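[1] Sequence plus the predicted model coming up.
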Amino acid sequence: MGKAQKYVLLGDATYPLQDWILKPYQEDENLTQRQLQFNYRLKRAHSVIENAFLRLKARWQILLKCDDCSLELLPTLVLACCILHNVCEAHDNPFNEEWLECTEPTELPKPCQPAPAAMEDGRAEQVRELMCQYFESCGEG
């Protein structure tokens, strides 16, 4: 769309809209078709991320027991599992779907209440609008 954007995280409606956290438009009857499409695409992207973490935990089941290690070690452990996963993929070591039986999709903890409007960043709406325009220009999918 002609404007460089930095990376963003995907959040749900309970997170504050920031220029680094994309969240869906609030669901109501006033949403435009473009905003509904944006919400749909955000939801699809979020499900891809959830599936990726599920597969990562299935392949490296040590991630299911992270309460056994210190918090300082956790980022290194997750990074090591990601690197090893990529090595396995690069060497055609296929993912075994049976591994998924040992894992259950768990709902990650989320805030119970939506973030107060005061926490939202006014510039973030411009980022969301640019992304909305981009999704619209990409067509269906």
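    Structure received. Numbers count the residues shown, from 1 in each chain.
[2] so how far is the least confident helix or strand in the chain by mean pLDDT off the chain centroid?
    Counting by mean pLDDT, DSSP states H and E, the weakest-scoring helix or strand in the chain turns out to be helix 122-138, with a mean of 85. Centroid displacement of helix 122-138 relative to its chain, using CA atoms, centre = their mean, to the nearest Å, is 17 Å.
[3] and the longest helix anywhere in the chain, which residues are buried?
    Taking DSSP state H as the criterion, the chain has its longest helix at helix 33-59. Neighbour counts over helix 33-59 (16 or more other CB atoms under 10 Å) mark 35, 37-39, 41-42, 54-59 as buried. For every residue, glycine as well, the C-beta is placed using N, CA and C.
[4] for those residues, which one is nearest Ile21?
    Nearest to Ile21 among the buried residues of helix 33-59, counting by CB to CB, is Leu42 at 11.3 Å.
[5] if you skip the residues just before and after it, what's nearest to the closest one?
    Leaving aside its chain neighbours, Leu42 sits nearest to Pro24 (5.2 Å; criterion: CB to CB, 6 or more residues apart in numbering).
[6] Not counting its neighbours along the chain, what's nearest Asp19?
    Spatial nearest neighbour of Asp19, excluding adjacent residues (CB to CB, 6+ apart): Ala124 at 4.5 Å.
[7] still on that earlier bit, tell me, how many residues neighbour the residue nearest to Leu42?
    Pro24 has 21 neighbours, counted by other CB atoms under 10 Å.
[8] For it, what is the enclosing helix or strand?
    Taking DSSP states H and E as the definition, one finds Pro24 inside no helix or strand.
[9] now the angle from the strand or helix carrying Asn86 to helix 33-59?
    Using DSSP H and E, Asn86 sits within helix 74-90. Calculated by axes from the mean of the first three to the mean of the last three CA atoms, to 10 degrees, helix 74-90 forms an angle of 90 degrees with helix 33-59.
[10] I am finished for the moment; much appreciated.
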